[in-house]
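Asks: sequence below, structure please.
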Amino acid sequence: MSSERSYQMKVVTGEFGYVLQDVPHFSDYIPDLPTYPNPLRSNPAYSVVKQYFVDMDDSVPEKIVVHKDTPRGVHFRRAGPRQKVYFPSDEVHACIVTCGGLCPGLNTVIREIVHSLDYMYGVNKVLGIDGGYRGFYAKNTITLTPKIVNDIHKRGGTILGTSRGGHDTLKIVDSIQDRGINQVYIIGGDGTLKGAAVIYEEIRKRGLKVAVAGIPKTIDNDIPVIDRSFGFDTAVEEAQRAINAAHVEAESAENGIGVVKLMGRYSGFIAMHATLASRDVDCCLIPESPFYLEGKGGLFEYMEKRLKENGHMVIVIAEGAAQELLTAKNEEDASGNKLLQDVGLWISQKIKEHFAKQNKIPITLKYIDPTYMIRAIPSNASDNVYCTLLAQSAVHGAMAGYTGFTSGLVNGRHTCIPFNRITEKQNKVVITDRMWARLLSSTNQPSFLKVNKLTGENSGNTENQPEMK
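Replies: Residues are numbered from 1 along each chain as shown. Model (predicted):
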């Protein structure tokens, strides 16, 4: 085996095209560190579990669909407890911070980090950083104990508070060093985890024995590599309520139209999965699939056809869809995200104007935006289990001396993933993939695209409008 090392990722190669994209470890930059027996060895809850400790050579493949002559490909280190740990329990001083927008499951992750540190490893010094990254240097901390966090998973939001921006690397690392913190758990999306990567690099430059572990959070499910992000399952489930309400409104009126705007700044996963789960949606519009309104094969032609056939219809649109058709704001929020125009209001108004101008089909349109209702609810059962395992994987990794990583599910197995793989790009719906084809066959909507555009031969424009599929 051979290996290449960088601050953020170690690449280990083996036979038959095996590549391990490994996460950093204390031993990479701090020599001769002592190790300690894992306290789980004497934990009665785990003493009956066979092979509870993860083998050091265990790894998880990034891709599992292969051909007989395909190289083994990229793998990630399998998450879980190790035989040896790099912290004695009484020396651990951990902190937890939540950053960015709200998402179902934040409190569950906080709870499970605290419980895992205490019940598994006997750690009783855990701080909550108040109000996101700026809380490291501008706000008070909150002492977290199993008793304090015991019931927080039943609430939405985050008990620690959150914010966008406020990332000052030197101030944050100074605060970590001054407080004697040696484990940092950062819960956030791609922007937050980019910040976590910079924090890890500064800690490493200073030669500090501080583990930095991330838990990927984005309700849009737009983080790459991992199977899904926590809160996504809950968001899709809750979106059904809004779609059902829109369907009831549309069905109860003559030529009723229900428009539902769902989250999805750059990725349409919530809209796509909610549409597939609902079966009441006639058209799903997402950022990855451009569409046009007027002319042959356009949205309005399809709507007229659908209303004549069914007498009502439901449209689901992701918040980032059709932004190229709207006037750009050219503004950003504190996290650097481009501020979007309200596409739900825009398309509702365009639909009303079109049918008023046609004066052939009188319509009744109801617009529903459940965004903040979805963000603020507690996580469902599936996400609660997922949050628990993500939190435990992060704790096991930090205790084993790994740093500069996020925990995440890859092909159904929990892994430790280098920061740079999580932040390198955004996960997006592939409109040439089977999942989008399933949606098109479910709604029977047009693709709004020519075959040559699907194959990438040209980007097309609305002047040469394609025929309806």
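Asks: if I look at residue 36, how far off is residue 84?
Replies: 7 Å (CB to CB, to the nearest Å). For the C-beta atoms, the positions are set from N, CA and C on the backbone; glycine is no exception.
Asks: what do you get for residue 217?
Replies: Taking CB to CB, one finds residue 217 at 30 Å from residue 84.
Asks: with neighbour numbers in mind, choose between the two.
Replies: residue 217 (32 against 14; other CB atoms under 10 Å).
Asks: for that one, list each beta-bridge partner.
Replies: residue 230 (DSSP bridges).
Asks: shouldn't it be in contact with residue 231?
Replies: Yes - Residue 217 lies in contact with residue 231 (CB atoms under 8 Å); the separation is 6.7 Å.
Asks: overlap in contacts of those two?
Replies: Taking CB atoms under 8 Å, 6 or more residues apart in numbering as the criterion, residue 217 and residue 231 both touch 103, 105-106.
Asks: format those as a markdown table; extra columns: pLDDT, neighbour count and distance to residue 295.
Replies: A markdown table is the format used below for those (pLDDT from 0 to 100; neighbours: other CB atoms under 10 Å; distance: CB to CB, whole Å):
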| residue | pLDDT | neighbour count | distance to residue 295 |
| --- | --- | --- | --- |
| 103 | 95 | 31 | 39 |
| 105 | 97 | 33 | 43 |
| 106 | 97 | 31 | 45 |
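Asks: between those residues, which is nearest residue 29?
Replies: Proximity of the shared contacts of residue 217 and residue 231 to residue 29 was ranked by CB to CB; the top entry is residue 106 with 31.5 Å.
Asks: the closest one and residue 126, how far apart?
Replies: 16 Å.
Asks: all strands for the stretch 51-200 of the chain, in order.
Replies: With DSSP state E, counting those that start in this stretch, the ranges of strands along the stretch 51-200 of the chain come out as 59-61, 73-78, 84-85, 94-98, 126-129, 141-143, 183-188.
Asks: what is the fifth one packed up against?
Replies: It refers to strand 126-129. strand 94-98, helix 106-115, strand 141-143 (3 or more CB pairs under 8 Å, 6 or more residues apart in numbering; DSSP states H and E).
Asks: so which of these gets nearest residue 309?
Replies: Among the helices and strands packed on strand 126-129, if distance is taken as CB to CB, the winner is helix 106-115, at 43.4 Å.
Asks: and the angle from that closest one to strand 183-188?
Replies: 170 degrees (axes from the mean of the first three to the mean of the last three CA atoms, to 10 degrees).
Asks: which other helices and strands contact helix 106-115?
Replies: Checking 3+ CB pairs under 8 Å, 6+ apart, helix 106-115 ends up next to strand 94-98, strand 126-129, helix 146-149, strand 183-188, helix 381-399.
Asks: can you redo these as CSV with mean neighbour count and mean pLDDT?
Replies: As requested, the helices and strands packed on helix 106-115 are exported to CSV (neighbours: other CB atoms under 10 Å; pLDDT from 0 to 100):
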stretch, mean neighbour count, mean pLDDT
strand 94-98, 28, 98
strand 126-129, 25, 97
helix 146-149, 15, 97
strand 183-188, 28, 97
helix 381-399, 23, 97
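Asks: residues contacting residue 130?
Replies: So residue 130 contacts 139-142, 160-161 (CB under 8 Å, 6+ apart).
Asks: which PyMOL command selects the buried ones in these?
Replies: Burial among the contacts of residue 130 is assessed by 16 or more other CB atoms under 10 Å; the matching PyMOL selection reads:
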select buried, resi 139+141+142+160+161
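Asks: and the pLDDT at residue 416?
Replies: pLDDT, residue 416: 97.
Asks: list the buried residues for the helix or strand containing it?
Replies: Using DSSP states H and E, residue 416 sits within strand 413-418. With burial defined by 16+ other CB under 10 Å, the residues of strand 413-418 counted as buried are 413-418.
Asks: other SSEs contacting the helix or strand just after it?
Replies: Once strand 413-418 ends, the next helix or strand along the chain (criterion: DSSP H and E) is helix 419-423. Judged by 3+ CB pairs under 8 Å, 6+ apart, helix 419-423 is in contact with helix 190-205, strand 211-216, strand 405-410.
Asks: what comes up buried for the longest one?
Replies: So that's helix 190-205. 190-204.
Asks: which among those residues gets closest to residue 32?
Replies: Using CB to CB, the buried residues of helix 190-205 come closest to residue 32 at residue 204, 16.9 Å.
Asks: any idea how far the closest one is from residue 244?
Replies: To residue 244, residue 204 is 50 Å away according to CB to CB.
Asks: how about residue 143?
Replies: Counting by CB to CB, the gap from residue 143 to residue 244 is 43 Å.
Asks: quick one: which of these two has more around it?
Replies: residue 244 (15 against 10).
Asks: wait, the more buried one touches residue 280, no?
Replies: Yes - shown here, residue 244 and residue 280 form a contact pair, counting by CB under 8 Å, at 6.9 Å.
Asks: so what sits against both of those two?
Replies: The overlap between the contact sets of residue 244 and residue 280 (CB under 8 Å, 6+ apart) is empty.
Asks: pLDDT below threshold where in this protein?
Replies: Residues of the chain meeting the criterion pLDDT under 70: 1-7, 47-48, 50, 328-337, 450-469.
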